[in-house]
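Predicted model and sequence below, questions to follow.
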Protein chains: 2
Amino acid sequence: MSKPMFEKIALVGIGLIGSSLARVICREGLAGHISIATRSPETLKRTQELKLGDHYTTDANEAVRGADLVIVSVPVGACGAAAEEIAPALKKGVILTDVGSTKASVIAQMQPLVPEGVHFIPGHPLAGTEKSGPDAGFAELFENRRCILTPLEGTDPAALEKLSEFWRRCGSNIDTMDPQRHHMTLAIVSHLPHIISYNMIRTADDLETVTKCKVIKYSASGFRDFTRLAASDPTMWRDVCLHNRDAILEMLARFSEDLASLQRAIRWGEGDKLFDLFTRTRAIRRSIIEAGQDVDVPDFGRQALRNLHLMQE
Amino acid sequence: MSKPMFEKIALVGIGLIGSSLARVICREGLAGHISIATRSPETLKRTQELKLGDHYTTDANEAVRGADLVIVSVPVGACGAAAEEIAPALKKGVILTDVGSTKASVIAQMQPLVPEGVHFIPGHPLAGTEKSGPDAGFAELFENRRCILTPLEGTDPAALEKLSEFWRRCGSNIDTMDPQRHHMTLAIVSHLPHIISYNMIRTADDLETVTKCKVIKYSASGFRDFTRLAASDPTMWRDVCLHNRDAILEMLARFSEDLASLQRAIRWGEGDKLFDLFTRTRAIRRSIIEAGQDVDVPDFGRQALRNLHLMQE
């Protein structure tokens, strides 16, 4: 049997991303030993029941001792505290990375605490579902997904290549970019869609309370699509809003401007303008499907699943 | 073999809804004869190739002659023209219905043209996908979906019951409500989500053009969800915007107010407020799944389909 990529991998945080990592690391044999730390005793117990690692502790400092790869998978607001806890126990030459949806704020929190000799390379796998917790993870989560690394000035090329290879073995395609570019991109492709979804559900829920207009009963006509993103982890998304504030506010301003102009076209009955806009957007879904970023089946394949009688809708 | 429900059904318009109806009518043996009319010779040719009916014509007047059920499935802006064309040929006692996403404007267009002795009962099956045209239809489209009927004053109860039974045989559950209630409900559960999706894609596309920020490449992180609704039929949605204007503007105003307050919470770093909102919305997806209105699998089942190797994502 070939030697694993890492002798010991420590996973700090074991939610959807952390537990998916544990599963794919195990399946691919990427570590000689997996140590898992989480603050919550209940989550730790569940992680043990699921047999996700070799060693379990609520003490992140203990978990990272002797590890040659440490992956911090906690909400971005908790990265600083995690770094503070683990910093004294990190061994020389270890690769330290994270999976947070924001990068500049993670760097600001963690970098000052990273001891010399530790290769700190921030990362962000663009993968997830609306579920959270160690039960929600699965080994295939990262397959054909992008993983963005935002190496800092002076990053060791060998460490960067090793971390890239790790993510490739998890199934991902690697991109590197600077944190600022990452922020603007993520604000539009991920943060804005989540915030808009949360807002849509809130508007509807207030109305449901006010008018009892049966939003849930009739949700299959479009509304339900938004409920998926709006069911995502609240702690994670609170932290994203707080930690990528400027880019998000910029995107919200653009979105609101565009919405106001669309609203005006509806009010004044500008049919041609509406038709042109609605035609232009159709082409974009086509591009996304051609780029392999979504399934080419109607209704995200819900109907296909129903036809297979795999589940009741 | 038992007698079909209707001797002759005429389908005026043969897009996603019309062609799904043709398929389920055929599968369930609901008509002795299916006559199909569409204005476009290309669509008519394709409909014949697909063998969706017994008789094909570009002349709606010809199609409805002698029919005891006529279903108008055209964009809501074209209902008036369709009614004008078919009115002289409708036989006494025929049930005339439509499938439009707006009701008051359909009633305003069609009712004045409906001859005496014709049972005009507006309807709206809450079913669809982002695809359009006769190839996009399938017999299972209406299964476990709601169909809303908005009977007018003085509607014959026997005719209403017969139309309800028709939709039940297509797999739907029937609700009746007045057009005003239908408008407010649909504005929030369907029209607003579509308009917001169109707007999201537009904002992103403008940005992509400006900054080349790789929206499509990274779209799996949330954005792609919006592209499905935004790929819906432009003509249909232009007409919905023009024909349910007041209810849509009311919902857009509420949505924008809520978004402004969310934006403010982000700007001022009000983490608790964000957390509370993001928690509340999570419960709503749960209700929708419990109400049988969506699949209870992560990521709408995309991952499940990938795992089944049924399709390449």
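Right, received. Where do you want to start?

From the chain's centroid, how far away is stretch A:283-302?
In terms of Cα atoms, centre = their mean, to the nearest Å, the centre of stretch A:283-302 is found 20 Å from the chain centre.

Enumerate every residue touching the residue in the stretch 1-150 of chain A that chain B sits nearest to.
Across the stretch 1-150 of chain A, the shortest distance to chain B (Cβ to the nearest Cβ) belongs to residue A:129, at 3.6 Å. Yep, even glycine has a C-beta here, placed from its N, CA and C like the rest. The contact partners of residue A:129, taken as Cβ atoms under 8 Å, 6 or more residues apart in numbering or on different chains, are A:16, A:136, A:141, B:298-299, B:303.

Ok, residue A:86 next?
A:12, A:60-61, A:63-64, A:70, A:72.

Quick check: which element contains it?
Following DSSP states H and E, one finds residue A:86 within helix A:79-86.

Let me see the ranges of the strands in chain A.
A:6-12, A:31-37, A:55-57, A:69-72, A:95-98, A:119-120, A:123-125, A:146-149, A:173-176 (DSSP state E).

Just put the contacts of residue A:129 in TSV and tack on pLDDT, distance to residue B:41 and neighbour count.
Below are these laid out as TSV (pLDDT from 0 to 100; distance: Cβ to Cβ, whole Å; neighbours: other Cβ atoms under 10 Å in any protein chain shown):
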residue	pLDDT	distance to residue B:41	neighbour count
A:16	96	52	26
A:136	95	52	18
A:141	94	49	25
B:298	82	45	19
B:299	83	41	22
B:303	70	43	19
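
nearest to residue B:163, of these?
Residue B:163 has its nearest neighbour among the contacts of residue A:129 in residue B:299, at 37.6 Å by Cβ to Cβ.

hang on, that closest one packs against residue A:228?
Yes - assessed by Cβ atoms under 8 Å, residue B:299 is found in contact with residue A:228 at 7.5 Å.

Now for these two: what residues contact both?
Counting by Cβ under 8 Å, 6+ apart, the shared contacts of residue B:299 and residue A:228 are residue A:130.

Redo the strands of chain A as a markdown table? Include mean pLDDT and mean neighbour count.
Listed next are those as a markdown table, based on pLDDT from 0 to 100; neighbours: other Cβ atoms under 10 Å in any protein chain shown:
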| stretch | mean pLDDT | mean neighbour count |
| --- | --- | --- |
| strand A:6-12 | 98 | 25 |
| strand A:31-37 | 98 | 22 |
| strand A:55-57 | 98 | 15 |
| strand A:69-72 | 98 | 26 |
| strand A:95-98 | 98 | 24 |
| strand A:119-120 | 98 | 22 |
| strand A:123-125 | 96 | 25 |
| strand A:146-149 | 96 | 22 |
| strand A:173-176 | 96 | 17 |
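
Including distance to residue A:155, could those go into TSV?
Below are the strands of chain A laid out as TSV (distance: least, Cβ to Cβ, whole Å):
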stretch	distance to residue A:155
strand A:6-12	18
strand A:31-37	22
strand A:55-57	29
strand A:69-72	15
strand A:95-98	10
strand A:119-120	7
strand A:123-125	12
strand A:146-149	9
strand A:173-176	10
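
out of those, nearest to residue A:245?
Proximity to residue A:245, assessed across the strands of chain A by Cβ to Cβ, is greatest for strand A:123-125 (17.3 Å).

just checking, what packs against the closest one?
strand A:95-98, strand A:146-149, helix A:157-169 (3 or more Cβ pairs under 8 Å, 6 or more residues apart in numbering or on different chains; DSSP states H and E).

show me what contacts the closest residue to residue A:19 other than its chain neighbours?
Excluding the flanking residues, the one nearest residue A:19 by Cβ to Cβ, 6 or more residues apart in numbering or on different chains is residue A:137, at 3.2 Å. Residue A:137 makes contacts with A:15-23, as judged by Cβ under 8 Å, 6+ apart.

contacting residues for residue A:178?
Contacts of residue A:178 (Cβ under 8 Å, 6+ apart): residue A:150.

could you check the distance from it over to residue B:223?
21 Å (Cβ to Cβ, to the nearest Å).

how does chain A divide into domains?
A:6-177, A:181-307 (automatic domain parsing).

mean pLDDT lowest for which of those?
Per-stretch averages of pLDDT across the domains of chain A put domain A:181-307 at the bottom, with a mean of 89.

Isn't residue A:160 up against residue A:149?
Yes - counting by Cβ under 8 Å, residue A:149 is a contact partner of residue A:160 at 6.9 Å.
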